[in-house]
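Student: Sequence first, then the predicted structure:
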Amino acid sequence: MKQFLNDRLPFDGVMAHLRKPLPKHINLLFSLGSLAMFLLLLQAATGAFLALSYTPSPDHAYNAVKYISEEVPFGKFVRGLHHWGASAMVIIVFLHLLRVVLYGSYKAPRELTWVFGVLLLLVTLGFGFTGYLLPWDEKAYWATKVGVEISGKAPILGEWVAKILRGGAEVGAVTLSRFYALHTIWLPWMAFALVGIHLFFVRYYGSSGKPNNTAEEMHSGKPFFPDQVFEDVVGMLILFVVLACAALFAPVPLEDVADPTNADYDPRPEWYFLFLFQLLKYFKGPFEILGTFVIPTVGMLLLLFLPFLDRGERKVLWKRPIAMTVTSLCVVAIVGLTILGAASPKRETQEVEQPSQEVQQIPSPEETDTSEEEEDVFDFELTEDELKLPDEEE
Ligand code: HEM
């Protein structure tokens, strides 16, 4: 078999490359990237299973998710894996990023590995944002409505982005099919392409190793295959067992079906967007734009261009006091804002979301702006009747 493969493919060459020694002192933190990849594959596999019974329309989405959870064999378990897997992926990708920052692994020549990593972070968050709407329950509907509205507040392109996401003046049938298409086609393709490029760079430059490795130690550790691969696979199995326990014992929430007329609902995003949501509370009136656009955008740009801003050669953390201070402050701010957001009482939340209440009413046809440019988009818009849920029609 080996001879057969060798005659046709550069099998020996590939194996020799994989058996090359890694830097010395590689620890468990170097498995975080592989764990992120495992989670991406797990999400793709569980998502493909869920898609067999899901329909992206306001009339059927909620019942389909209920059907998956209550009737489909192993449906509850697979939905649980997909739900907890999404949260785990955000945590693991964030920890992987943190490891890369703390070890200075983003520095030359790995700038592009970093840039494609940041794009993967955005795609990971995009999966979370688009997936949240799909169960079409109250939290899905209202959190998406608020999220899309916030994106609409960005200057210049904001309104346009919000309109493209919504597919009309309101969150409705077109929004749901657009989010479904983004979640199941656009983002997975982008994720797999980006992972391919990211891993190409990882293999091309080799592992950066620990910051205080000597030049000799850089090539005298254990081989990637089979030693590191074995450790990564053990990590994946442990992670899978944890997720399986969560899927079996922690129920995945499904609230009442979305009711676009329920203006009393207290919208909250998924926990990993809570820090942004909490940030908005500190900027009111003319300063709102700071919370909705300026701070998140500047933060993301600084993250993207970090290797080009921090060009120092030192990698050991205690010799990089600025990097250490900024990283600690960012982590404390993100964790702190997330906790504050989770603990915030309902009334406070509604105050912040005041602007969204304005558009919670379904606009009457007379109120709808039918300018030529918008007509195309509004072709898809739902009327008040169409927005009624099956129960109401009966
Ligand atoms: C779906 C998301 C991601 C996947 C699947 C992924 C995968 C991987 C893998 C398998 C490795 C090699 C093992 C390791 O060093 O842990 C790696 C390394 C790396 N990743 Fe990621 N990654 C992702 C996200 C990110 C993010 C968000 C960043 C930073 C913004 C990033 C930056 C890097 C860098 C700079 C390296 C090289 C590290 C070194 O040589 O020591 N990655 N990634």
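Tutor: Looks like it came in fine.

Student: and the stretch 151-300 of the chain, which residues reach the ligand?
Tutor: 195, 198, 202, 207-208 (CB under 6 Å from any ligand atom). All C-beta spots, glycine's among them, are computed from the backbone N, C-alpha and C.

Student: just the residues you listed now: which is nearest Val242?
Tutor: Val195 (22.3 Å; CB to CB).

Student: Pull the number of nearby residues for that closest one.
Tutor: Residues lying near Val195 (other CB atoms under 10 Å) number 20.

Student: quick one, what contacts it?
Tutor: 37, 40, 120 (CB atoms under 8 Å, 6 or more residues apart in numbering).

Student: helix/strand/coil for the most centrally placed residue in the chain?
Tutor: The residue lying closest to the centre of the chain (CA atoms, centre = their mean) is Leu125, at 2.0 Å. Three-state assignment for Leu125 (DSSP: H, G, I helix; E, B strand; the rest coil): helix.

Student: Check whether it really touches Ser87, as I assumed.
Tutor: No. Leu125 is not in contact with Ser87 according to CB atoms under 8 Å; the separation is 12.0 Å.

Student: before we move on, what SS does the residue nearest to Leu182 when sequence neighbours are not counted have?
Tutor: Leaving aside its sequence neighbours, Leu182 sits nearest to Thr130 (CB to CB, 6 or more residues apart in numbering; 4.6 Å). With three-state DSSP as the basis, Thr130 sits in helix.

Student: Could you check the pLDDT of Thr130?
Tutor: We have a pLDDT of 98 for Thr130.

Student: Also Asp379?
Tutor: Reading off the model, Asp379 has pLDDT 38.

Student: Show me what counts as buried in the longest helix that the chain contains.
Tutor: The longest helix of the chain (DSSP state H) is helix 75-102. The neighbour-count check on helix 75-102 (16 or more other CB atoms under 10 Å) flags 75-76, 78-90, 92-94, 96-97, 99-102 as buried.

Student: quick one: is that helix near the ligand?
Tutor: Yes. Shown here: helix 75-102 in contact with the ligand (CB under 6 Å from any ligand atom) through 93, 96-97, 100.

Student: Out of those, give me the two with the largest separation.
Tutor: Maximum distance among those (CB to CB): 10.6 Å, for Val93 and Val100.

Student: Overlap of the contact sets of Leu125 and Ser87?
Tutor: Here Leu125 and Ser87 have Tyr272 as joint contacts, going by CB under 8 Å, 6+ apart.

Student: which stretches of this protein have low pLDDT?
Tutor: Regions of the chain meeting the criterion pLDDT under 70 cover residues 346-394.

Student: Now for the closest residue to Leu22 other than its chain neighbours, how many residues are close by?
Tutor: Setting aside the residues directly before and after it, Leu22 is nearest to Gly221 in space (CB to CB, 6+ apart), at 4.4 Å. Other residues within reach of Gly221, judged by other CB under 10 Å, total 20.

Student: Checking Gly221 next. Helix, strand or coil?
Tutor: Per three-state DSSP, Gly221 ends up coil.

Student: For Ser34, grab the count of nearby residues.
Tutor: By other CB under 10 Å, neighbour count at Ser34 equals 19.

Student: Ignore what I typed, I meant Val234.
Tutor: Val234 has 12 neighbouring residues, counting by other CB under 10 Å.

Student: Then Leu120?
Tutor: There are 22 residues near Leu120, going by other CB under 10 Å.

Student: And the one 10 residues further on, by the same measure?
Tutor: Applying the criterion other CB under 10 Å, we find 21 residues in the vicinity of Thr130.

Student: Would you mind confirming that it is in contact with His183?
Tutor: Yes. Thr130 lies in contact with His183 (CB under 8 Å); the separation is 4.0 Å.

Student: Just list the residues touching the residue of the stretch 201-350 of the chain found nearest the ligand, thanks.
Tutor: Nearest to the ligand, among the residues of the stretch 201-350 of the chain, is Ser208, at 3.4 Å (CB to the nearest ligand atom). Ser208 is in contact with 23, 103-105, 107, 110, 315, counting by CB under 8 Å, 6+ apart.

Student: Can I take it that it is in a helix?
Tutor: No. Assigned with three-state DSSP, Ser208 falls outside any helix and is coil.

Student: Phe224 versus that one, what's the distance?
Tutor: Remark: distance between Ser208 and Phe224 (CB to CB, to the nearest Å) = 14 Å.
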